[in-house]
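Asker: Give me coordinates for this.
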Amino acid sequence: MLEDAQRAPARPPEPIDASPTSNVQRMRAILGGSAGNLVEWYDWYTYSAATLYFAPVFFPKGDQTAQLLQAAAVFAVGFAARPLGAWLMGLYADRVGRRAALTLSVGLMCVGSLVIAATPGVAAIGIWSPVILLLARIFQGLSLGGEYGASATYMSEMAGRERRGFWSSFQYVTLISGQLLALGVLIVLQHLLPEASMNAWGWRVPFVIGALLAVVVFWMRRGLEESKSFEAAKASKAHRSSTWLLIREHPREVATILGLTAGGSMIFYVYTTYMQKFLTNTAGFSKDQATEISAATLFVFMLVQPLFGWLSDKLGRRALLIVAYGGGALLTWPIMTAMASTTTPLVAFGLILAGMLIQSGYTSISAVVKAELFPTHVRGLGVALPYAIANAAFGGTAEYAALWFKAEGMEAGFYIYASVVLAIGFFIALAMRDPRKFSRIAED
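Answerer: Have a look, this model is predicted:
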């Protein structure tokens with residue numbers, strides 16, 4: 001049974017420095033990790049936010065759906081690079097340190113954003129234009145694959161036992177903030193520039209901003225304090241992280257993360273990245289309306305993450321996961337069907353927000369649930385690798401799959417697909433023990 005994944009560890013936890021982490025130290029660590037996480041996800045989501053404008057530049061052939069489909073394919077390939085980045089950066093985080101991995105990942109993202117901002121369109125350099133775009137997204141995928149595991153591990157270890165769900169929820173606060181910032185920059189540019197300028201060069205501006213912000217965060221992260229959990233594991237020198245060690249000693253934990261991430265990341269990307277295209281391409285809203293509706297729902301979604309994280313500290317992680325996956329499996333079809341036929345922005349806002357609130361039971365505790373399943377010496381790799389694999393397979397392809405179903409004339413088929421994947425996550429949540437009660441993080 002999957003509940004075995006949360007049974008007592010085979011080895012006793014590493015001894016942790018008994019001196020408590022002060023509130024100032026904890027806040028500095030959370031804010032430092034959060035700032036970098038925000039910039040990383042801003043850079044990543046800028047691609048999706050600006051797709052409506054740059055898709056014709058890199059993929060000029062076909063109608064809007066065909067252009068978006070090609071851009072979504074590149075988006076999915078970027079996700080495919082994330083498992084490799086998660087593997088490399090996860091090992092790096094477990095062997096060298098969480099701080100070192102966080103610093104390296106944001107530096108890599110900076111380079112990827114600059115390349116996208118500077119790449120000419122097909123009209124100027126032909127086939128090399130989409131090829132360079134693809135390579136830049138692969139580079140960003142390597143970066144982000146490492147970012148998630150390193151930041152989730154670091155923030156969970158620094159959060160403290162009593163409020164671990166609350167503080168670690170800020171990983172998704174900053175993740176959503178990154179996407180919200182990407183949309184906000186796009187909205188400002190839409191109001192400042194005529195559409196012709198946006199299509200010609202305005203879409204490049206958000207990528208330049210992201211690269212500059214990444215440089216600032218790179219220097220911030222160099223000054224972060226390392227977690228006591230990692231320092232204790234490093235001092236003991238008893239274990240060395242490896243892929244084989246992770247698979248051999250923690251197969252059920254790995255399987256649990258794969259199953260939970262599949263549905264959680266897929267429906268997250270449906271509501272947060274694909275929805276902008278869905279509102280334009282299916283519901284018939286204008287580009288400006290779709291962007292503004294997406295930004296408004298994301299803002300509320302961001303604000304409720306700490307509330308759900310706090311609830312997990314009181315009620316347990318498992319209860320929230322059951323609600324998120326069970327509710328998602330039951331309500332995805334009616335929510336998506338209703339949105340496809342609505343013409344009122346307020347109704348569209350309410351429907352999207354309803355779906356997002358249900359999924360907050362997963363997103364708010366995504367980081368801490370994964371981190372609590374593993375001992376320190378394999379935690380960075382254990383959090384990063386299975387998450388990245390499932391995220392690439394289901395989250396990264398969500399937009400492509402939705403557009404494919406639409407192109408084939410059976411858009412509702414995607415709603416069924418999404419509901420089935422969420423149902424799998426529901427049964428995994430039912431079977432697992434509560435990570436809060438059986439946490440492997442041996443820190444205050």
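Asker: for the stretch 251-400 of the chain, what spans make up the helices?
Answerer: Along the stretch 251-400 of the chain, counting by DSSP state H, counting those that start in this stretch, helices occupy 251-269, 275-281, 287-315, 317-341, 345-363, 366-371, 376-390, 398-407.
Asker: remind me which residues of the protein are low pLDDT?
Answerer: 1-25, 62-63, 235-241, 443-444 (pLDDT under 70).
Asker: Go through the longest helix anywhere in the chain and flag the buried ones.
Answerer: Of all segments of type helix in the chain, defined using DSSP state H, the longest is helix 23-58. Neighbour counts over helix 23-58 (16 or more other CB atoms under 10 Å) mark 26, 29-30, 32-58 as buried. Bear in mind the C-beta positions are built from the backbone N, C-alpha and C, glycine included.
Asker: tell me the contacts of the most centrally placed residue in the chain?
Answerer: For the chain, L175 is the residue whose C-alpha lies nearest the centre (CA atoms, centre = their mean; 6.3 Å). Residues in contact with L175, defined by CB atoms under 8 Å, 6 or more residues apart in numbering, are 37-38, 41.
Asker: now, which of these sits nearest R252?
Answerer: N37 (28.0 Å; CB to CB).
Asker: Test my guess that that closest one contacts G146.
Answerer: No. Counting by CB atoms under 8 Å, N37 does not reach G146; the two are 11.9 Å apart.
Asker: Name all residues that make contact with Y148.
Answerer: 82, 86, 383-384, 387-388, 391.
Asker: Redo those as TSV? Include distance to F285 and neighbour count.
Answerer: As requested, these are exported to TSV (distance: CB to CB, whole Å; neighbours: other CB atoms under 10 Å):
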residue	distance to F285	neighbour count
R82	30	31
A86	35	31
V383	37	31
A384	37	34
Y387	32	29
A388	33	32
N391	28	27
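Asker: Please tabulate those in a markdown table, including the columns distance to L181.
Answerer: Putting the contacts of Y148 into a markdown table (distance: CB to CB, whole Å) gives the following:
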| residue | distance to L181 |
| --- | --- |
| R82 | 21 |
| A86 | 24 |
| V383 | 24 |
| A384 | 24 |
| Y387 | 23 |
| A388 | 23 |
| N391 | 21 |
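Asker: which of these sit farthest apart?
Answerer: R82 and V383 (13.0 Å).
Asker: Give the full set of residues in contact with A81.
Answerer: Neighbouring residues of A81 by CB under 8 Å, 6+ apart: 137-142, 145.
Asker: Most neighbours among the residues you listed, please name it.
Answerer: G145 (32 neighbours; other CB atoms under 10 Å).
Asker: tell me which element that one falls in.
Answerer: Assigned by DSSP states H and E, G145 belongs to helix 128-159.
Asker: Name the residues of that helix that come out as buried.
Answerer: For helix 128-159, using 16+ other CB under 10 Å, the buried residues are 129-130, 132-133, 135-159.
Asker: From N391, how far off is the residue nearest to the centre of the chain?
Answerer: 12 Å (CB to CB, to the nearest Å).
Asker: Next: T397.
Answerer: 10 Å.
Asker: Quick check: neighbours shared by these two?
Answerer: F79.
Asker: can you list the contacts of L175 in a markdown table and add distance to R99?
Answerer: As requested, the contacts of L175 are exported to a markdown table (distance: CB to CB, whole Å):
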| residue | distance to R99 |
| --- | --- |
| N37 | 14 |
| L38 | 17 |
| W41 | 19 |
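Asker: which among those gets closest to S168?
Answerer: Nearest to S168 out of the contacts of L175 is N37 (CB to CB; 11.3 Å).
Asker: How about that closest one: what's its closest non-neighbour residue?
Answerer: Using CB to CB, 6 or more residues apart in numbering and skipping residues adjacent in sequence, the residue nearest N37 is T174, 4.3 Å away.
Asker: quick one: A390 from T261, how far?
Answerer: 4 Å.
Asker: Can you classify A442 by secondary structure?
Answerer: coil (DSSP: H, G, I helix; E, B strand; the rest coil).
Asker: From R252, how far off is it?
Answerer: Separation of A442 from R252 (CB to CB): 20 Å.
Asker: which of the two has more neighbours?
Answerer: A442 (19 against 16).
Asker: That one is in contact with F230, isn't it?
Answerer: No. Here A442 does not reach F230: they are 11.8 Å apart, not a contact under CB under 8 Å.
Asker: hey, what's in contact with both of those two?
Answerer: The contact lists of A442 and F230 share T376, where a contact means CB under 8 Å, 6+ apart.
Asker: Just confirm A407 contacts L68, I think it does.
Answerer: No. The pair A407 and L68 does not pass the contact test of CB under 8 Å, sitting 9.8 Å apart.
Asker: out of those two, which sits in the more crowded spot?
Answerer: More crowded of A407 and L68, by other CB under 10 Å: L68, with 26 against 14.
Asker: Can you tell me how far the residue nearest to T376 when sequence neighbours are not counted is from T103?
Answerer: Closest residue to T376 apart from its sequence neighbours, by CB to CB, 6+ apart: A233 at 4.1 Å. From A233 across to T103, the span is 19 Å (CB to CB).
Asker: what about the two, which has more around it?
Answerer: A233 (25 against 20).
Asker: give me the element the more buried one is part of.
Answerer: Under the criterion of DSSP H and E, A233 resides in helix 228-236.
Asker: contacting residues for I335?
Answerer: I335 touches 351-352, 354-355, counting by CB under 8 Å, 6+ apart.
Asker: any chance of the residues you listed in TSV, with neighbour count too?
Answerer: Shown next, in TSV, are the contacts of I335 (neighbours: other CB atoms under 10 Å):
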residue	neighbour count
L351	21
I352	26
A354	17
G355	23
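Asker: from these, which single one is nearest Q64?
Answerer: Scanning the contacts of I335 for proximity to Q64, where the rule is CB to CB, the winner is I352, at 21.1 Å.
Asker: Identify the residues contacting the spatially closest residue to the closest one that is not a sequence neighbour.
Answerer: Take I352 and drop its neighbours on the chain: the residue closest to it by CB to CB, 6+ apart is T297, 4.5 Å away. Contact analysis of T297 by CB under 8 Å, 6+ apart lists 271, 275, 349, 352-353, 356.
Asker: same check, this time on F299
Answerer: Here F299 is in contact with L180 (criterion: CB under 8 Å, 6+ apart).
Asker: count of neighbours near M410?
Answerer: 11.
Asker: Three-state assignment for it, please.
Answerer: Going by three-state DSSP: M410 is coil.
Asker: now it: how far from Y417?
Answerer: 11 Å.
Asker: does I187 really touch A295, like I thought?
Answerer: Yes. The pair I187 and A295 passes the contact test of CB under 8 Å, sitting 6.3 Å apart.
Asker: Give me the more crowded residue out of the two.
Answerer: Counted by other CB under 10 Å, I187 and A295 do not tie: A295 has more neighbours, with 19 against 16.
Asker: contacting residues for that one?
Answerer: By CB under 8 Å, 6+ apart, the contact list for A295 reads 180, 183-184, 187.
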